[in-house]
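S.K.: from the sequence below, what's the structure:
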Amino acid sequence: MVLWRVGKYEVGRTIGEGTFGKVKFAQNTETGESVAMKVLDRSTIVRHWMADQIKREISTMKVVRHPHVVRLHEVLASRTKIYIILEYITGGELFDKITRNGKLNENDARRYFQQLIDGVDYCHTKGVYHRDLKPENLLLDSRGNLKISDFGLSAHPPQGVSLLHTTCGTPNYVAPEVLQHKGYDGSSADVWSCGVILYVLLAGRLPFDEVDLTALYSKIGKAEFSFPSWFSSGARSLIYRILDPNPDSRLKISDIREDNWFKEGYVRAKNPPTLQSEEDDMDDLTKLFDDPEDLQEKGEAEQGNAGPLVLNAFDLIVLSEGLNLSAIFHREQYYYLVIQGRQEGGKEGHHTRFVSRQPADVVLSTMEVVAQSMGFKTHIRNFKMRVEGPSAERGAHFCAILEIFQVAPSFLMVDVQKAAGDSADYLKFFRSFRGKVDELVWRPPPGKPRARAPRLPRR
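M.R.: Numbers count the residues shown, from 1 in each chain. I've put the predicted structure just below:
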């Protein structure tokens with residue numbers, strides 16, 4: 001459904017949400033090409049002093065054009081909004097693939113790692129250092145090829161500046177020298193993050209993972225980690241030399257390309273020719289931000305605030321996996337519905353669902369505070385929250401995914417599922433979590449007749 005139009009683009013549904021705006025599906029009416037449109041609110045950007053950072057991100061993406069980097073098509077502006085038009089990637093995050101399937105087989109992990117190294121190396125040749133490489137920022141296209149995204153924390157220092165000083169990134173993936181608050185080489189720091197990603201691809205868990213940040217930083221600084229038994233000797237050797245806490249002796253990308261494990265089946269991506277229009281031009285960006293064009297914006301006021309994914313009747317039937325949906329809404333013993341089933345590979349899985357009539361942002365923020373108070377790390381993206389921490393089993397990892405769906409104008413359903421870890425860990429987590437979010441759970445008023453769920457017609 002088309003919600004409004006911006007210039008030559010017809011804008012549709014929300015497909016993502018960031019700190020300063022939404023990401024919309026859009027279509028170029030001249031070419032028919034599908035694109036992702038990042039819609040940023042000008043007043044929000046100014047209020048948070050983020051204009052310079054967004055200009056840097058845009059100028060960086062104008063410079064970096066590679067088969068394994070999400071492409072920036074163009075940037076438009078109106079009086080109230082900035083529109084960043086990006087390549088539309090349909091395969092989701094690499095992180096979701098790992099969460100869904102666990103560890104990858106060695107050939108798949110190697111192929112993704114090869115594509116990651118190609119994309120990162122190209123960025124470095126352009127003087128761009130990503131500084132927040134992690135599976136959440138690696139997307140997959142319809143053919144399963146990797147695309148590096150989210151250059152919001154990237155650095156593109158001027159010529160002659162050899163060291164960076166800003167401490168940024170996600171702690172589990174950050175190089176030890178970045179955490180020391182001293183100058184660091186952006187290329188070497190990105191290589192460390194690539195090594196952590198390779199470990200995660202092969203292990204299905206992080207090499208450095210502690211709830212306490214002091215303990216986490218200590219392990220990263222000493223490169224204190226162990227390999228699962230299924231790692232091949234070639235993978236072990238490569239990762240061990242990448243995760244070297246000394247950036248001077250750490251492998252460089254040129255060294256990685258010479259590694260025998262890496263070279264197996266490797267076909268290097270071709271770097272596209274640089275066009276004049278792709279060169280960095282901060283003057284044009286400044287003009288774009290300060291003197292916007294009067295773009296056609298039909299229907300934007302009707303868009304409203306983005307919310308959780310709205311489930312229709314078919315979605316509910318699929319999500320219920322054959323269960324009687326009346327149990328979710330009307331039977332008191334099913335305020336919390338625990339479903340035990342089978343996942344791929346025969347492993348037992350757990351889902352838990354409950355219904356709320358609180359606003360979606362209240363439900364999300366409450367769940368985040370509760371999970372963090374229980375000692376878990378949280379990561380939120382588009383009304384989906386990942387909760388993770390150590391498992392009771394020594395050396396293991398626990399992860400749960402909590403997602404909010406809208407099933408009626410005033411009803412939300414929260415779906416909780418175990419993504420990694422032991423089933424006993426999940427049940428222990430949810431029992432404690434449930435007691436702390438009980439105020440969110442909707443209960444029908446006492447004495448009110450309970451409507452029956454409609455039955456599907458028999459064929």
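S.K.: from here on, contacts and neighbour counts on C-alpha atoms
M.R.: OK.
S.K.: so which bits of the host helix or strand of Lys428 are buried?
M.R.: Lys428 is located in helix 423-436, with elements delineated by DSSP states H and E. For helix 423-436, the neighbour count (16 or more other C-alpha atoms under 10 Å) marks Ser423, Asp425, Tyr426, Phe429, Phe430, Phe433, Arg434, Lys436 as buried.
S.K.: count of residues packed around the nearest residue to the third one once chain neighbours are set aside?
M.R.: Yep, that's Tyr426 we're talking about. Nearest residue to Tyr426 in three dimensions, chain neighbours excluded: Lys418, at 6.2 Å (C-alpha to C-alpha, 6 or more residues apart in numbering). Per other C-alpha atoms under 10 Å, the neighbour tally for Lys418 reads 26.
S.K.: so Lys418 touches His397, yeah?
M.R.: No: applying C-alpha atoms under 8 Å, one finds Lys418 not in contact with His397, separated by 11.3 Å.
S.K.: list the helices and strands the lengthiest strand in the chain packs on?
M.R.: In the chain, assigned by DSSP state E, the strand with the most residues is strand 397-408. Here strand 397-408 touches strand 309-310, strand 384-390, strand 411-420, helix 423-436, going by 3 or more C-alpha pairs under 8 Å, 6 or more residues apart in numbering; DSSP states H and E.
S.K.: export the ones you listed to CSV and tack on mean pLDDT?
M.R.: CSV is the format used below for the helices and strands packed on strand 397-408 (pLDDT from 0 to 100):
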stretch, mean pLDDT
strand 309-310, 68
strand 384-390, 84
strand 411-420, 84
helix 423-436, 84
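S.K.: make CSV from the ones you listed and add distance to Thr125 to it.
M.R.: Below are these laid out as CSV (distance: least, C-alpha to C-alpha, whole Å):
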stretch, distance to Thr125
strand 309-310, 40
strand 384-390, 34
strand 411-420, 37
helix 423-436, 45
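S.K.: go through the ones you listed and name the closest to Asp209.
M.R.: Of all the helices and strands packed on strand 397-408, strand 384-390 sits nearest to Asp209, with 7.6 Å by C-alpha to C-alpha.
S.K.: name the residues that touch that closest one?
M.R.: With C-alpha atoms under 8 Å, 6 or more residues apart in numbering as the test, strand 384-390 has contacts from 209-211, 364, 368, 371, 375-380, 396-404.
S.K.: please indicate which of the residues you listed are buried?
M.R.: Applying 16+ other C-alpha under 10 Å to those, the neighbour count classes 209-210, 364, 368, 371, 376-378, 380, 397-404 as buried.
S.K.: who's in contact with the most centrally placed residue in the chain?
M.R.: For the chain, the residue nearest the mean C-alpha position is Glu136 (3.3 Å; C-alpha atoms, centre = their mean). Going by C-alpha under 8 Å, 6+ apart, Glu136 touches Glu93, Leu94, Phe95, Asp96.
S.K.: selection in ChimeraX covering whichever of those residues are buried, please.
M.R.: Entered in ChimeraX, the line below selects the buried ones among the contacts of Glu136, by 16+ other C-alpha under 10 Å:
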select :93,94,95
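S.K.: make CSV from the contacts of Glu136 and add secondary structure and pLDDT to it.
M.R.: Putting the contacts of Glu136 into CSV (DSSP: H, G, I helix; E, B strand; the rest coil; pLDDT from 0 to 100) gives the following:
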residue, secondary structure, pLDDT
Glu93, strand, 85
Leu94, helix, 90
Phe95, helix, 87
Asp96, helix, 84
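S.K.: can you tell me which of the contacts of Glu136 is closest to Ala215?
M.R.: Out of these, the member with the shortest distance to Ala215 (by C-alpha to C-alpha) is Phe95, at 24.3 Å.
S.K.: just to revisit the earlier point, so how far is the longest strand of the chain off the chain centroid?
M.R.: 15 Å (C-alpha atoms, centre = their mean, to the nearest Å).
S.K.: quick one, it and strand 384-390 angle?
M.R.: For strand 397-408 against strand 384-390, the angle by axes from the mean of the first three to the mean of the last three C-alpha atoms, to 10 degrees is 160 degrees.
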